[in-house]
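have a look at this fold, sequence not included:
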């Protein structure tokens, strides 16, 4: 079986975490604008597990191998990037890694100039201001961190699902 990526190595630029949530999409838009103004690379990173990954297209009863799950995650992430409407001059690279989000983002931050996160992702309680991953990274990341709260991009975004991303992208 082919190996799936478990690490993300970045050499400069802006890293933005994306888990498919509305907050992550707003963070992507914000980071994309900054990357365009600063003329730096934008790295969009998604950590995944079988429980958070979109199911690869396959026949019923067939359990796809991990590389197919990884490709489904990357395809969905690339669709989110297309939906963000980033300026054409932004140099974007999508990265996916099969590990917990906190570990993947901490490793990616080691080589980044800036880490950008959404205020809340897919988990958490309604009253929390930061998601648990954002909270830990703000405290321990090896680079500066910006947390983008909902509404900070100046335009309303609809929640984007994998199905919507594939249809609209």
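Right, received. Where do you want to start? Every value quoted in this text rests on a predicted model; they were computed, and no experiment measured them.

can we go C-alpha only for contacts and neighbour counts from here?
Will do.

for this protein, which segments are assigned as strands?
For the chain, the strands defined by DSSP state E occupy 14-17, 42-47, 92-97, 114-118, 145-148.

right, and those - which one's nearest residue 3?
Residue 3 sits nearest to strand 92-97 of all these, at 11.0 Å, using C-alpha to C-alpha.

packing partners for that closest one?
Counting contacts by 3 or more C-alpha pairs under 8 Å, 6 or more residues apart in numbering; DSSP states H and E, strand 92-97 packs against strand 42-47, helix 66-84.

just name the most buried of those.
strand 42-47 (a mean of 25; mean count of other C-alpha atoms under 10 Å).

partner strands of that strand and their direction?
strand 14-17 (parallel), strand 92-97 (parallel) (DSSP bridges).

would you convert the ones you listed into CSV that also reports mean neighbour count?
Formatted as CSV, the strands paired with strand 42-47 follow (neighbours: other C-alpha atoms under 10 Å):
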stretch, mean neighbour count
strand 14-17, 29
strand 92-97, 19
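
for the helices and strands packed on strand 92-97, which one sits closest to residue 21?
Here helix 66-84 is closest among those (C-alpha to C-alpha), at 9.8 Å.

coming back round to it: now the strands of the chain in TSV, with distance to residue 72 and mean pLDDT?
As requested, the strands of the chain are exported to TSV (distance: least, C-alpha to C-alpha, whole Å; pLDDT from 0 to 100):
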stretch	distance to residue 72	mean pLDDT
strand 14-17	17	98
strand 42-47	12	98
strand 92-97	10	98
strand 114-118	22	96
strand 145-148	26	94
